[in-house]
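Visitor: Sequence plus predicted model, see below.
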Amino acid sequence: MIEKLKNLSWKQFGGLVLIIIIIIAFGFGGFGGGFSTNNQNNIAKINKTNVTTQDFMDYVNQSGISADAIRNNLDNNIIEELLSGLISTTLIDLEIKDFNISINEKTILKNIKENKNFHDENGKFERIKYEKFLLSNNMSAPMFELKLKNRELQKHLFDFIGAGTITPKFIINKKFEENNRSLDIEYFDMENLYKLKSDYTDDEIKVFIDENKDQLKREYIDFRYVILNPKNLIGIEEFNQDFFDEIDEIENKISQGTSFENILENINVNIIDIFKFAPTSSEQINEELIYSKKETKLDLIESGDNFLLYNIDQEYDLSPDLDDEIIKSEIVELIYQKGKFDYNRKILEEIQNNKFNNTKFDELSNFNKEYMSISSINDDKVFEINSVKMLYSLPVNSFTLVNNSENKIYLVKITGYNKNQINKEDEDYKNFVSSEFTNTRKSILAAYDQLLASKYKIQLNQKTIDRVKNYFK
């Protein structure tokens, strides 16, 4: 929350959307609750601080959002979103007051005079530019200076909260060094260790089907369909109004409950009968399209340049038919993948239980290992990036399984790390330093969010919110 608020300018606060609501309001009252009060001018309450409808209207006016825009977006929760923005700024004001943060007028005037928008070509403050700015923004000097003061107070608050977020350089250097050291490994492809698909017997396949019969059952349909186009409907190959009139007539008959047979009574087309159909790896465009629409028993649908009129006669579940070579090959693929998974899990369990060693590694590799050096934690030339990060988290002489971008599995042994020289002028190093500062700051601000959640109780008066909505209707 705080990080988002810090990056907002004064005008952007007017459009703030659901920052406090998600983090605090729903957890401490929410829009559905409301609080007991005899003062119907209060729209919200933060601890003992009342937020009045006048506060809300002032905030809306400052946001620059027109009444028409609000009126047109009442159903999109714009009132709640604006209220969340007001609560956000009120919370910040309460924190500024609580920490006794202040700023004097000299600082405000100094900031105005140092604003380059109000400078002449020689870099000197020009009063007339400042006054033109105020006029063009329909703003008085006191109003602008108040906004500037509030913005500076907010900046001081965030600087105060973020104090000490600079990570010591020795920690940054150490982490950068660890991430950018080269990693030496031995590895080999696991593919040759898995049981071949052709080695699975019919008995093994049947056992697998029996053990997984509920999951392997497939829904089949019997159906009939015809392909309709201008040639077989109106006798020409042109898509004209007469053709679409015929299509409209068929759709009308479907909506009136006319049967498949009666619709085709005066149409000379071949009826295609399909029995026991379920999608397979082979491409059957019309049949698969109809299968995807099987919830509707009789319908007319488009398929490329044709229309399909179909009728679903029957739906039923069947266990896999091993006489069908396509289905059998799909089942074998499932068994093969399960076999790979089980084998990989066995290896990982041995590694985790310290039962895997160099002898076993050499034995499985059949002494056909490959050697390589990974240049850094971001080097994903061979292995998928998450696998690389895992490798960098392990000590020397560790074993693990990793995968590449194509999900091929490899067994890896870490043989050593090599320290690389840090070049502090390198862009990678500069970006790393910047990201470390950002991550440290985010962690501190996340902790501050939790503090706010426990420090402030937010209650909303739903009746007043509804009354404000009615005002804009």
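Guide: Arrived safely.

Visitor: Phe356 touches Phe399, doesn't it?
Guide: Yes - with contacts counted by Cβ atoms under 8 Å, Phe356 reaches Phe399, the gap being 5.5 Å. To be clear about C-beta, it is placed using only N, CA and C from the backbone, and glycine gets the same treatment.

Visitor: So in terms of bridging, what pairs with Phe188?
Guide: Judged by DSSP bridges, the bridge partners of Phe188 are Leu411.

Visitor: low-confidence ranges in the stretch 301-450 of the chain?
Guide: Residues of the stretch 301-450 of the chain meeting the criterion pLDDT under 70: 437-438, 441, 445.

Visitor: Could you pull out the strands in it for me?
Guide: For the stretch 301-450 of the chain, the strands defined by DSSP state E, counting those that start in this stretch cover 306-318, 370-374, 399-403, 409-418.

Visitor: How confident is the prediction for the residue lying farthest from the centre of the chain, by pLDDT?
Guide: Each residue of the chain has a distance to the centre, and by Cα atoms, centre = their mean the biggest one is for Asn266: 53.3 Å. Looking at Asn266, its pLDDT is 86.

Visitor: ditto for Trp10
Guide: pLDDT, Trp10: 33.

Visitor: what do you get for Phe133?
Guide: With respect to pLDDT, Phe133 scores 84.

Visitor: Also the one 10 residues further on?
Guide: With respect to pLDDT, Met143 scores 78.

Visitor: So what's the residue count around it?
Guide: Residues near Met143, counting by other Cβ atoms under 10 Å, number 13.

Visitor: Give the buried residues for whichever strand or helix holds it.
Guide: Here Met143 sits within helix 141-161, counting by DSSP states H and E. For helix 141-161, burial by neighbour count (16 or more other Cβ atoms under 10 Å) applies to 144-145, 147-151, 153-154, 156-158, 161.

Visitor: and it, how far from the chain's centre?
Guide: A distance of 34 Å separates the centroid of the chain from that of helix 141-161, by Cα atoms, centre = their mean, to the nearest Å.

Visitor: Kindly present the buried residues of helix 141-161 as a markdown table, with separate columns for distance to Phe188.
Guide: Below are those laid out as a markdown table (distance: Cβ to Cβ, whole Å):
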| residue | distance to Phe188 |
| --- | --- |
| Phe144 | 70 |
| Glu145 | 71 |
| Lys147 | 66 |
| Leu148 | 66 |
| Lys149 | 67 |
| Asn150 | 64 |
| Arg151 | 61 |
| Leu153 | 63 |
| Gln154 | 58 |
| His156 | 60 |
| Leu157 | 57 |
| Phe158 | 53 |
| Ile161 | 52 |
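
Visitor: quick one: Leu452 and Ile92, what's the gap?
Guide: For Leu452, the distance to Ile92 equals 10 Å [Cβ to Cβ, to the nearest Å].

Visitor: Apologies, that question was intended for Gly235.
Guide: Taken as Cβ to Cβ, the span from Gly235 to Ile92 is 76 Å.

Visitor: Neighbour count: these two, which is higher?
Guide: Ile92 (20 against 9).

Visitor: these two touch, right, that one and Phe158?
Guide: No - counting by Cβ under 8 Å, Phe158 is not a contact partner of Ile92; they are 9.1 Å apart.

Visitor: follow-up on the earlier one: extract the C-alpha trace of the helix holding Met143 and format it as PDB.
Guide: C-alpha atoms of helix 141-161 as PDB (Å, rounded to 0.1, in the frame of the first residue of the first chain):
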ATOM      1  CA  ALA A 141      -1.700  30.300  -4.400                       C
ATOM      2  CA  PRO A 142      -2.800  29.200  -0.800                       C
ATOM      3  CA  MET A 143      -4.500  26.200  -2.300                       C
ATOM      4  CA  PHE A 144      -1.500  25.200  -4.400                       C
ATOM      5  CA  GLU A 145       0.900  25.700  -1.400                       C
ATOM      6  CA  LEU A 146      -1.400  23.600   0.800                       C
ATOM      7  CA  LYS A 147      -1.300  20.800  -1.700                       C
ATOM      8  CA  LEU A 148       2.500  21.100  -2.000                       C
ATOM      9  CA  LYS A 149       2.800  21.100   1.700                       C
ATOM     10  CA  ASN A 150       0.700  17.900   2.000                       C
ATOM     11  CA  ARG A 151       2.800  16.300  -0.700                       C
ATOM     12  CA  GLU A 152       6.000  17.200   1.100                       C
ATOM     13  CA  LEU A 153       4.600  15.900   4.400                       C
ATOM     14  CA  GLN A 154       3.800  12.600   2.700                       C
ATOM     15  CA  LYS A 155       7.300  12.400   1.200                       C
ATOM     16  CA  HIS A 156       8.700  13.000   4.700                       C
ATOM     17  CA  LEU A 157       6.500  10.200   6.000                       C
ATOM     18  CA  PHE A 158       7.700   7.700   3.400                       C
ATOM     19  CA  ASP A 159      11.300   8.700   3.900                       C
ATOM     20  CA  PHE A 160      10.900   8.300   7.600                       C
ATOM     21  CA  ILE A 161       9.300   4.800   7.200                       C
END
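
Visitor: pLDDT on whichever helix or strand comes after that helix, on average?
Guide: Counting by DSSP H and E, the next helix or strand C-terminal to helix 141-161 is helix 169-180. Helix 169-180 shows a mean pLDDT of 75.

Visitor: swap in stretch 190-198?
Guide: Averaging pLDDT along stretch 190-198 yields 92.

Visitor: Okay, buried residues for it please.
Guide: 190, 193-194.

Visitor: Kindly reformat those residues as CSV containing distance to Gly64.
Guide: Output for the buried residues of stretch 190-198, formatted as CSV (distance: Cβ to Cβ, whole Å):
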residue, distance to Gly64
Met190, 62
Leu193, 67
Tyr194, 65
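
Visitor: Looking at those, which are in strands?
Guide: Counting by DSSP state E, none of the members of those fall within strands.

Visitor: just to revisit the earlier point, of all the strands of the stretch 301-450 of the chain, which one comes closest to Gln462?
Guide: Nearest to Gln462 among the strands of the stretch 301-450 of the chain is strand 306-318; the distance by Cβ to Cβ comes to 48.8 Å.

Visitor: That closest one pairs with which strands?
Guide: strand 218-228 (antiparallel), strand 298-303 (antiparallel).

Visitor: In terms of helix, strand or coil, where does Ile267 fall?
Guide: coil (DSSP: H, G, I helix; E, B strand; the rest coil).
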